[in-house]
Every structure is written in structure tokens, then in C-alpha cells.
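Peer 1: sequence unavailable; structure follows:
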């Protein structure tokens, strides 16, 4: 089927007098999770990962993915049709420069790429005398001859008992930001920002409860929400008062033309989230935008006390589900020799037992043995590996609760681990502790801390390809910016209230994978004797390490104390919530190192 779609696409490329076409894994909102209709990259190539680009030329094609997906892509994509290339070692522009004739034209869907991406790619392609051409019709939809229905859910109120602040207060903050920067309007294209600003949620896409929408905020505090009016009932309108006007998305062009007709207006957009098609719409409305940062981005990232309390509660609930799951797996589940898919489905059941859990925060990653080395591995029912024998089992999962979002990874030994497995697990744990216990000046960026988590792997000639930490939303996206801990991250200083993951790992291709992930919140840690404001991390996640994988001879006394303290916190928090069976299991898993025989 894939080969037929590729050939159909080539015919449509020729019909438009193009020499190539780029297909991203994206929708009109550039979100990580997309509705079925927008899974065009998977339709074209068979690749199901959350990030990638396919590039089609007359007689060649390539799939570009990052290090998280190279192994997965090799297993899902027909190598006879697509070259599988890793970013950033390989560049799309360089491939196009070789595959296309000089003066060639490359088509793209202008709704699926941001202004920033097209500008950057356009500059790179100019060196090869190749131009990018927007094509309003999506050629993959046409080539596949099948377009999934677009279903949008009702908009729901996210009450202040969870959000911590009412909509009027948030709008006032954005209004102040616009006035400070002398902006008449700001067009917010990120659904997470819109949902945060207006305290609304929905179920438009799997796992991320934001409302697929856009919002235009004026310097007087008025907000125009572009969403189908049928999705917004009277209760929500009453909740907002007179602050928000609901406008059908089809009326956006007319709205922009009316604004453009007002004369000179200072109109801000964030080109990192603004689709190229929106930029064209502004141009047609005679509006010259000022490129700026989404004013909601940092406001959303710095959680207020109620949001932080909610995140803590979400992690407590999540931990209870994880304890029940891992106890079942160890005492009963493994006896039946389940496969990875079955294990993931069972974990979903344990989370779903809590009535507050509205969804997983992403599809669980359950990888045994060599599949654990695939960073974003997805087990499929027909090909999932049986969890049996000796090996490492990596489980990365999370849940969505109305008061918080979770994301946690644990790697456990199945059978007898090798000396190498224990050595690398210990390196990862030591790096995790080094980052978790870091104390740093208030103007520090995450990229400055990244090496703390890698140092012990580096000492042994090892590393991992992904970032060490990503931001996490509060009942929003499990991946949130601008904060991160990565050598490739933005120059965004960490601030109190930001929630990030701490997830160093190690992956030996065709052998095993290790990742140890907790979420943590940035907190003020300034002492009286400090010469400048200082920050530190407070860990939110509550689940024990696998002590059988730790080479305790390589731990310092401080590292041992951290593990014991962490396990004590887990026991004190969770034991009152467990029955005797699960309490006994947890006590055994969190016993002090000095009393377990590990030392």
C-alpha cells in the first residue's frame, strides 16, 4: 500500500509542476499528538513515531528522524523505497540539493509548517537554487484517496480549584505584556497556550487535553477564540463573562482583514508556532506581523502553588497505580509470559482504576531486551516481544488527571542482569541523583545542567542521544516548553514553578535499554549566607529504584543517603494508601540499603 501511495504522490507532484514534496509529522497546530486525519507521515511511510519528515523526489525518497526513532524507523519503513536518515547528522536541505535539479521546486502544505521552519529551510535551500512552494491541497491526502473524519469534542471548563487562577487574571497578565511591548494584538496559535489562558480543556486529540483552537488577544484585554461555536455551551460563556468572543474559524480571514483595515497596527505572532499559511493570511490582510514570543509560554510554564499541589497529588495517585501494577507483574503477571503489548495494556488498566485519571499522558513505552534500546519504541500486538528469560524491561508511561500530568520511567531486571547492565544502570542512577540534587544560580539555563546527568556515562565512554529533561504541563501536554535540560535546548533560564523531567538513559542497540525518569519542580533555595538567589529541584515522582541493578560499591555515601531518603519519602507518603499485600511489597522495595544486603 505504501508503494502505491508514494507513486500516486509522485504523479500529483508532477501535476503541480514540482520536483519534490515534504511531508512532516504534524497537524495545523504543530502538536506532538495529532488526530487520525493528520497521521499523513504514517500513511505515506508506515513510520508511527511522533517526529519525522518524508521527502519525495521523482526517483528517490527519504525519511528523516532523530536518534530516538532510528531503530524504530528501520523496523517499520520499507528501505527499498525510503532512505532512513538521522537528524542532525543528515540535513533535508542537503538531500534535496542532491536529489533535485538546479532551480527545482519543493511543495509543502503551508498549514503543517511554521513560519520559522520555512524561513530556515528556505535559506538553506537557496544555496542549491531550490525554492519552497506552498500547495493548499495536501497531496498525501489526495494520493491516499482517503481522508479521516475530523471530530472535535465539546469544550470543558478547567476550574480554578485546579488551575489556581481565574481567566480574568491570566488575561490581565497577557494584556500587561502586550502593553509593555506596545503590541495592539497577539495571535496565539499554540492550543496549549489558548487552553491555559482561557481555563478550558477538551479531548480533541489523544492524551493531551487541550482545545484545538487559536486566540487573538488585544491590548485592551479582549479575546477572540477561533473555535466552532457549537463546541462552547452557555455555561462556558457564563464562566468567561464578557471577556471572550467565540468566532468560527472560517471567519478568521475576514476578522484579520477588518483589523488590517484599521490602519497601522502592531500585530504580534510567535513564528515558532504560527503556521506558514497563517502568515500568508496576515499578508493578504495587509498586516505585517512582529515576531515575538508567545506571551503565555513562560506564564504557563511557571506553575502556581495550586498547580504544584495538584501535580503532587497526581503523582501520589499515579504511584499507587504503579505499585499495584509492578507488584502484579512481579508476583503474577510474568508467570503467564506476557508480551510487551499486554504489559502496556495492563498498566493502562491499573491507571484507569482511578476515576480521576482521564487518559494516559502518552502511549506507554514498554520495551524488553533489545526493544528497550529503541527510545520511543511502540509495541504492536502482532510483533510484541514476550517478556521472559533474562533481560531488562523499560517502561515509560504517564497519566492525565484534572489536577496534573505525570511522566515516569523505570527499568527493572527480569531474570538475572549482566555485569554490564548493572554498570550502566548505576551510571544512569548516579547521573540522575547529581541532577536531582543540583543547586544553581537563578539565571541558569537547563543546557548548563545537562552534563551533570551524563558525567558518569561519559567517564565510561558512553552517552545517550536524547535530552535529559523536558518541561511538563499541568493537565496539558506531557512535553512543554520553553524549559528543558538538553545540550540543544533554548537559552531559557529555569524559574521557580517550572516542572521538568530528569531522565538520563543508556541504550545498547540490539541488546538493552535503560532510563530512569522522575519529574521535579524548580524551587527557590536561597539561604541567608548566599551571595545571589539560588534554585534547586524538588522531586515529584514516587516510585522506587530497582536495587538489584545497582552496583553499590560505586555509590558514594551521599548517593546512598539520597536513595534511602527518597525511598523513605515514598514509604511515608504511600503506605497509608495501600492494602497489606501492596504495602508489604513496597516495604521490601524501599528498605534501607544497609538492611537489604546490597551493601
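Peer 2: Everything's here; your move. These numbers were taken from a predicted model, which means no experiment stands behind them.
Peer 1: show me the shaky parts of the stretch 451-599 of the chain.
Peer 2: Counting by pLDDT under 70, the stretch 451-599 of the chain shows low-confidence ranges at 594-599.
Peer 1: quick one, helices of it?
Peer 2: For the stretch 451-599 of the chain, applying DSSP state H, counting those that start in this stretch gives helices covering 557-574, 580-589.
Peer 1: list the buried ones in the helix or strand bottoming out on mean pLDDT in the chain?
Peer 2: Of all helical and strand segments in the chain, the minimum by mean pLDDT, DSSP states H and E falls on helix 70-76, at a mean of 82. When burial is assessed from 16 or more other Cβ atoms under 10 Å, helix 70-76 yields the following buried residues: 70, 71, 72, 73, 76. Glycine gets a C-beta too; all of them are placed from N, C-alpha and C.
Peer 1: against residue 235, how distant is the fourth one?
Peer 2: To residue 235, residue 73 is 46 Å away according to Cβ to Cβ, to the nearest Å.
Peer 1: how about the first one?
Peer 2: Applying Cβ to Cβ, one obtains 48 Å for the distance of residue 70 from residue 235.
Peer 1: coming back round to it: which among the buried residues of helix 70-76 gets closest to residue 430?
Peer 2: Of all the buried residues of helix 70-76, residue 71 has the smallest distance to residue 430: 25.7 Å, by Cβ to Cβ.
Peer 1: mind checking how far the closest residue in space to the closest one that isn't next to it in sequence is from residue 592?
Peer 2: Once flanking residues are discounted, residue 71 sits nearest to residue 374: 4.5 Å by Cβ to Cβ, 6 or more residues apart in numbering. The spacing between residue 374 and residue 592, counted by Cβ to Cβ, is 35 Å.
Peer 1: more neighbours: which of these two?
Peer 2: Just comparing residue 374 and residue 592: by other Cβ atoms under 10 Å the higher neighbour count belongs to residue 374, 24 against 14.
Peer 1: and the more buried one, what's its pLDDT?
Peer 2: Reported pLDDT at residue 374 in the predicted model: 89.
Peer 1: so who does it touch?
Peer 2: Contact partners of residue 374, counting by Cβ atoms under 8 Å, 6 or more residues apart in numbering, are 71, 72, 367, 507, 513.
Peer 1: shouldn't residue 356 be in contact with residue 401?
Peer 2: Yes. The pair residue 356 and residue 401 qualifies as a contact (Cβ atoms under 8 Å) at a distance of 5.0 Å.
Peer 1: mutual contacts of those two, please.
Peer 2: Common neighbours of residue 356 and residue 401, counting by Cβ under 8 Å, 6+ apart, are residue 317.
Peer 1: who has more neighbours out of those two?
Peer 2: A side-by-side neighbour count of residue 356 and residue 401, using other Cβ under 10 Å, places residue 401 first with 25 against 13.
Peer 1: for the more buried one, list each beta-bridge partner.
Peer 2: Beta-bridge pairing of residue 401, defined through DSSP bridges, involves residue 404.
Peer 1: quick one: it and residue 321, what's the gap?
Peer 2: Residue 401 sits 11 Å away from residue 321, taking Cβ to Cβ as the criterion.
Peer 1: over to residue 78?
Peer 2: Relative to residue 321, residue 78 is positioned 39 Å away (criterion: Cβ to Cβ).
Peer 1: between these two, which is the more surrounded one?
Peer 2: Just comparing residue 78 and residue 321: by other Cβ under 10 Å the higher neighbour count belongs to residue 321, 22 against 14.
Peer 1: residues contacting the more buried one?
Peer 2: Contacts for residue 321 (Cβ under 8 Å, 6+ apart) come out as 347, 350, 351, 353, 354, 357, 399.
Peer 1: check which helix or strand covers it.
Peer 2: Here residue 321 is covered by helix 305-331, with elements defined by DSSP states H and E.
Peer 1: and the helix or strand following that helix, which residues are buried?
Peer 2: Reading on from helix 305-331 to the C-terminus, the next helix or strand found by DSSP H and E is helix 340-352. Within helix 340-352, the residues scored as buried using 16+ other Cβ under 10 Å are 340, 341, 342, 343, 344, 346, 347, 348, 350, 351.
Peer 1: average pLDDT across the helix or strand just after helix 340-352?
Peer 2: Per DSSP H and E, helix 340-352 leads on to strand 359-360 as the next helix or strand towards the C-terminus. Averaging pLDDT along strand 359-360 gives 97.
Peer 1: need the residues that contact the helix or strand just after strand 359-360.
Peer 2: Taking DSSP H and E as the definition, the helix or strand that follows strand 359-360 towards the C-terminus is strand 365-368. Residues outside strand 365-368 that contact it (Cβ under 8 Å, 6+ apart) are 340-341, 343-344, 347, 373-374, 376-379, 385-387, 391-397, 409, 414, 513.
Peer 1: swap in 10 Å and give it another go.
Peer 2: 338-347, 371-379, 384-389, 391-397, 409, 411, 414, 507, 512-513, 515 (Cβ atoms under 10 Å, 6 or more residues apart in numbering).
Peer 1: just these: which are in strands?
Peer 2: Cross-referencing the contacts of strand 365-368 with the strands (criterion: DSSP state E) gives 391-397, 409, 411, 414, 507, 512-513, 515 as the overlap.
Peer 1: returning to that earlier point: give the residues shared as contacts by residue 401 and residue 321.
Peer 2: For the pair residue 401 and residue 321, residues contacting each of them under the criterion Cβ under 10 Å, 6+ apart are 351, 354, 357.
Peer 1: can you list these in a markdown table and add distance to residue 242?
Peer 2: As requested, those are exported to a markdown table (distance: Cβ to Cβ, whole Å):
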| residue | distance to residue 242 |
| --- | --- |
| 351 | 40 |
| 354 | 38 |
| 357 | 35 |
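Peer 1: could you list the low-pLDDT ranges of the stretch 1-150 of the chain?
Peer 2: Applying pLDDT under 70 to the stretch 1-150 of the chain picks out residues 1, 146-149.
Peer 1: centroid-nearest residue for the chain?
Peer 2: Centroid check for the chain by Cα atoms, centre = their mean gives residue 479 as the closest residue, at 2.8 Å.
Peer 1: just give the nearest non-adjacent residue to it, would you?
Peer 2: Leaving aside its chain neighbours, residue 479 sits nearest to residue 470 (5.1 Å; criterion: Cβ to Cβ, 6+ apart).
Peer 1: show me what that neighbour bridges to in the sheet.
Peer 2: In beta-bridge terms (that is, DSSP bridges), residue 470 pairs with residue 484.
Peer 1: just give me the neighbour total for it.
Peer 2: As a measure of burial, residue 470 has 23 neighbours, counting by other Cβ under 10 Å.
Peer 1: again with the one 4 residues further on
Peer 2: Burial of residue 474 is recorded as 28 neighbouring residues (other Cβ under 10 Å).
Peer 1: the one 4 residues further on too?
Peer 2: Look at residue 478: counted by other Cβ under 10 Å, it has 23 neighbours.
Peer 1: for it, which non-adjacent residue is closest in space?
Peer 2: Looking at residue 478 with Cβ to Cβ, 6+ apart, the closest residue is residue 361, at 4.2 Å.
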